[in-house]
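**Student:** build me a structure from this.
(one chain, ligands or ions: 1)
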Amino acid sequence: MSKKIESHLTEDRVFKPSKEFSKKARISSMAQYKRMYQESIDKPGTFWAREAKELGWQKKWTKALEWKAPYAKWFVGGKINVCESCVDRHVREGRGNKAAIIWEGEPGENVTLTYRQLQREVCKFANVLLARGIKSKDRVLIYMPMVPEAAIAMLACARIGAVHSVVFGGFSAESISDRLEDCKAKAVITTDGGYRRGSIVPLKANVDEALKRYKDVETVIVHQRTGDKVTMKKGRDVYWHEEAAQVSAIHEPKGFDSEHPLFILYTSGSTGKPKGILHTSGGYLTGAYTTCKYIFDMQEDDVYWCTADVGWITGHSYIVYGPLANGVTQVMYEGAPNFPDFGRFWDIVEKYSVSIFYTAPTAIRAFIKAGDEFPDSRDLSSLRLLGTVGEPINPEAWMWYHEKIGGGRCPIVDTWWQTETGAIMISPLPGCTPTKPGTATLPFFGVDAAILDETGQECRADEGGKLVIRKPWPSMLRTIYGDKKRYRDTYWNDYDGMYTAGDGARTDKKGNFWIVGRLDDVLNVSGHRLGTAEVESALVSHKVVAEAAVVGRPHEIKGQGVVAFVTLKGNAKSSDALAKELRNHVGTVIGAIAKPDEIFFTPALPKTRSGKIMRRLLKELVETGSVSGNTTTLEDHEVIAALQKQVSGK
Ligand code: WT7
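**Tutor:** Numbers count the residues shown, from 1 in each chain. You can find the predicted model right below:
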């Protein structure tokens, strides 16, 4: 970012929460927000200790924060069992018969688990894990659809101090084996299959495939979801229900150190393989809990629904740990938003009287396209608060969400955060913050966010720069699993002692943060981060591909779509059939979300004289159809001219 970016986008519409909403909200005025924010920045120890105390610790900490950049320790010396804080604590406090999870399967069946029932299931499964020899700090990979057992499996791991790593059910066998290899997992928890858009995803078969490559898994526990026949390897593979039938439903939760590892979650970066983001216990839970409490304004009688998958960080913080730490009732849905049609989400809202609804801009855009008749024909009057996450929300989608789903009465919290931050960092507080379509507004408590230029100076209002966080926060990542150097290089290298998010952003004159998007080679497809390098290496792993370059192109629903430029080896011939084969190949290596929308075959890629692929030119080409930018460093000008013809000719 050598040039300063001035912004001319202005948004004049301002929406304030109704008096009625504010009156009942946990934070009801800007004065209250400002007072608490100031305290959280000036005296983080005092502020966070007050919040953390509510979580039920087995031993109190001696020091709230120990910060030796870039390593933070929160609630040093404290002992907590994250699972007991999310489950048993509520049973103890009188919420035993309150619904914790109301689950609906895609085919339509539903199951309600009260906090007491959840406790029973979690204890049993913790005992199953122990019986299978899983110990504290062992890594357990979870590869499951959106069924309550996914949450139970995560909580049971936390309960015995094992470290879970959830892999999104849409990822491929190769993605599983890469992650198994990286974290050296001892066990895998999966299901026979899962329902998605009417068909069955063969999860166990994918695990079998992955375990041909990674052989150190001792136990595979299979929950029966579909009842389909799967192969079970003797001695290694067991059924969840059979094991659970043999153990006690009582398990005493032992307290673990506040910095005990809780989970590893893989996320894409600009280079190489996905990064295993490590989160720990006390600080993470405090972040997830506090953000739910204040940003989703969770109250005793709310019915909360987050439509994310447990395979992403949103599912960790805002389906499992945050909502359960708050003792709220939540809806969990297994399937696709458009099954059997685009009315499914609104049916669920109506059926269970959902009051707080959290989804992604990409889903909202798909709903807009599907037509207003779907929400119009349902009763959405139970809703009181809406949220979005994953990418900047375009003002049209914001307005539609506000009017069609929120009936003009529900505040919208546009929440900015990342896998690394563990919890929401920038967001309105629904009872006080004036919102504007397109901005995530103001930093949450304890978040010292700023926009800096190349030299480390703070940018002026409306001037674009890099988004950084200047102080440690409780739910921050602790490292990249097994790679301290990459942790430092990726997040802490730009400015001394500050966390760089990798996003470009600006603030307006009122201090609202407008997130522009990623500054690195990372795409945001349907709200999910995908490294261009990852897709490229998947393409190059195909036997006929010599070289590949991947860029993002604006996409109406997905936000960004993947476009690939491919050169072939020797005498391989390009064809539509080959393009299809390569798309499927990427699907096999990474997962369907990474499949390129379009593949251009080219005899050569535009490179600098030193041999670096000039993705910037390719990006401009797919965005505008031509290249006007600086091409002086280009080695061969013919290449770009030929590509220009090809791209615009399509
Ligand atoms: C990246 C993080 C955090 C859960 C979802 C994805 C983008 C996220 C917003 C938002 C603008 C957003 C950023 C960020 N992003 N939320 N409200 N406004 N951009 O988590 O996969 O770790 O991706 O998503 O670019 O860096 P993730």
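
**Student:** check the burial of E11 by counting its neighbours.
**Tutor:** By the criterion of other Cβ atoms under 10 Å, E11 has 14 neighbours. Placement of C-beta: from N, CA and C, glycine included.

**Student:** need the contact list for it.
**Tutor:** By Cβ atoms under 8 Å, 6 or more residues apart in numbering, the contact list for E11 reads P395, K436, P437, G438, T439.

**Student:** can you do 10 Å?
**Tutor:** Residues near E11 by Cβ atoms under 10 Å, 6 or more residues apart in numbering: P395, W398, K436, P437, G438, T439, D508, N512, W514.

**Student:** same question, A308
**Tutor:** 146, 314-319, 358-360, 363, 389-390, 527.

**Student:** which SSE is it in?
**Tutor:** Under DSSP states H and E, no helix or strand contains A308.

**Student:** OK, contacts around the residue of the stretch 301-450 of the chain found nearest the ligand?
**Tutor:** Using Cβ to the nearest ligand atom, T419 is the residue of the stretch 301-450 of the chain that sits closest to the ligand, at 3.4 Å. Shown here is T419, whose contacts under the criterion Cβ under 10 Å, 6+ apart are 265-268, 275, 277, 279, 312-314, 316-317, 477, 529.

**Student:** from those residues, keep the buried residues only.
**Tutor:** 265-268, 275, 277, 279, 312-314, 316-317, 477, 529 (16 or more other Cβ atoms under 10 Å).

**Student:** ok, and of those, which contact the ligand?
**Tutor:** T267, I313, T314, R529 (Cβ under 6 Å from any ligand atom).

**Student:** adding secondary structure and distance to D182, write those out as JSON lines.
**Tutor:** Shown next, in JSON lines, are these (DSSP: H, G, I helix; E, B strand; the rest coil; distance: Cβ to Cβ, whole Å):
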{"residue": "T267", "secondary structure": "strand", "distance to D182": "12"}
{"residue": "I313", "secondary structure": "helix", "distance to D182": "17"}
{"residue": "T314", "secondary structure": "helix", "distance to D182": "22"}
{"residue": "R529", "secondary structure": "strand", "distance to D182": "17"}
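
**Student:** and which of the residues you listed is nearest G96?
**Tutor:** For those, the residue nearest G96 by Cβ to Cβ is T314; the value is 27.7 Å.

**Student:** name the nearest residue to that closest one, sequence neighbours excluded.
**Tutor:** Nearest residue to T314, sequence neighbours excluded (Cβ to Cβ, 6 or more residues apart in numbering): A308, at 3.7 Å.

**Student:** cool, and W57?
**Tutor:** Using Cβ to Cβ, 6+ apart, the nearest residue to W57 is I80, at 4.9 Å.

**Student:** tally of neighbours for the one you found?
**Tutor:** Look at I80: counted by other Cβ under 10 Å, it has 26 neighbours.

**Student:** quick one: name the residues of this protein near the ligand.
**Tutor:** Counting by Cβ under 6 Å from any ligand atom, the residues of the chain close to the ligand are 267, 313-314, 389-392, 414-419, 440, 501-503, 515, 517-518, 524, 527-529.

**Student:** biggest helix in the protein by residues?
**Tutor:** Counting by DSSP state H, the longest helix found in the chain is helix 115-131.

**Student:** and that one, which residues are buried?
**Tutor:** Within helix 115-131, the residues that count as buried by 16+ other Cβ under 10 Å are 115-130.

**Student:** next: stretch 75-86.
**Tutor:** Neighbour count says stretch 75-86 has F75, G78, K79, I80, N81, V82, C83, E84, S85, C86 buried, by 16+ other Cβ under 10 Å.

**Student:** my read: the second one touches E66, true?
**Tutor:** No. In terms of Cβ atoms under 10 Å, G78 does not count as a neighbour of E66; the distance is 11.9 Å.

**Student:** where do the contact lists of the two overlap?
**Tutor:** Common neighbours of G78 and E66 (Cβ under 10 Å, 6+ apart) are E259.

**Student:** what stretches of the protein score poorly on pLDDT?
**Tutor:** Within the chain, the stretches with pLDDT under 70 are 1-10, 650.

**Student:** how does it look with 90?
**Tutor:** The chain contains residues with pLDDT under 90 at 1-12, 269-273, 570-571, 608-613, 616, 625-642, 645-650.

**Student:** look up phi and psi at the residue of it positioned farthest from its centre.
**Tutor:** No residue in the chain sits farther from the centre than N571, which is 42.1 Å out by Cα atoms, centre = their mean. Note on N571: its backbone torsions stand at phi -100, psi 20 [degrees, to the nearest 10].

**Student:** list the contacts of it.
**Tutor:** By Cβ under 10 Å, 6+ apart, the contact list for N571 reads V544.

**Student:** hmm, who's touching the strand or helix carrying V238?
**Tutor:** Using DSSP H and E, V238 falls within strand 237-239. Strand 237-239 has contacts (Cβ under 10 Å, 6+ apart) with 128, 131-132, 188, 190, 192, 204, 207-208, 211, 217, 219-224, 230-232, 245.

**Student:** quick one: the residue farthest from the centre of the chain and Y266, what's the gap?
**Tutor:** 38 Å (Cβ to Cβ, to the nearest Å).

**Student:** what residue in the stretch 101-250 of the chain comes nearest to the ligand?
**Tutor:** Counting by Cβ to the nearest ligand atom, the stretch 101-250 of the chain gets nearest to the ligand through F168 (10.6 Å).

**Student:** now the residue nearest to that residue when sequence neighbours are not counted: which helix or strand?
**Tutor:** Leaving out its chain neighbours, the residue that sits closest to F168 by Cβ to Cβ, 6+ apart is G311, at 2.8 Å. Using DSSP H and E, G311 sits within no helix or strand.

**Student:** surely G311 meets V167?
**Tutor:** Yes. Counting by Cβ under 10 Å, G311 does reach V167; the two are 6.3 Å apart.

**Student:** joint contacts of those two?
**Tutor:** Both G311 and V167 are contacted by I142, Y143, M144, L265, Y266, G591, under the criterion Cβ under 10 Å, 6+ apart.

**Student:** so the first one, which state does it fall into?
**Tutor:** For I142, the reduced secondary structure class is strand; criterion used: DSSP: H, G, I helix; E, B strand; the rest coil.

**Student:** contacts only, for it.
**Tutor:** I142 makes contacts with 149-151, 153-154, 157, 164-167, 169, 185, 187-190, 221, 263, 310-311, as judged by Cβ under 10 Å, 6+ apart.

**Student:** one more: V589?
**Tutor:** Neighbours of V589 in contact, by Cβ under 10 Å, 6+ apart: 171-175, 178, 534-535, 537-539, 541-542.

**Student:** one step back: closest to P17 out of the ones next to the ligand among the buried ones among the contacts of T419?
**Tutor:** Distance to P17 across these (Cβ to Cβ) is lowest for T314, with 23.4 Å.

**Student:** before we move on, back to that, biggest separation within the contacts of E11, which pair?
**Tutor:** Farthest pair in those, by Cβ to Cβ: W398 and D508, 15.7 Å.

**Student:** of the two, give the one with the bigger neighbour count.
**Tutor:** W398 (25 against 17).

**Student:** any idea how far K404 is from the closest residue in space to that one that isn't next to it in sequence?
**Tutor:** Closest residue in space to W398, ignoring its immediate chain neighbours: P437 at 3.5 Å, by Cβ to Cβ, 6+ apart. Distance of P437 to K404, given as Cβ to Cβ: 14 Å.

**Student:** SS state for K645?
**Tutor:** K645 - assigned by three-state DSSP - is helix.

**Student:** run a quick neighbour tally on it.
**Tutor:** K645 has 10 nearby residues by other Cβ under 10 Å.

**Student:** one more: N206?
**Tutor:** Look at N206: counted by other Cβ under 10 Å, it has 23 neighbours.

**Student:** figure out the helix or strand that it lives in.
**Tutor:** Using DSSP H and E, N206 falls in helix 203-213.
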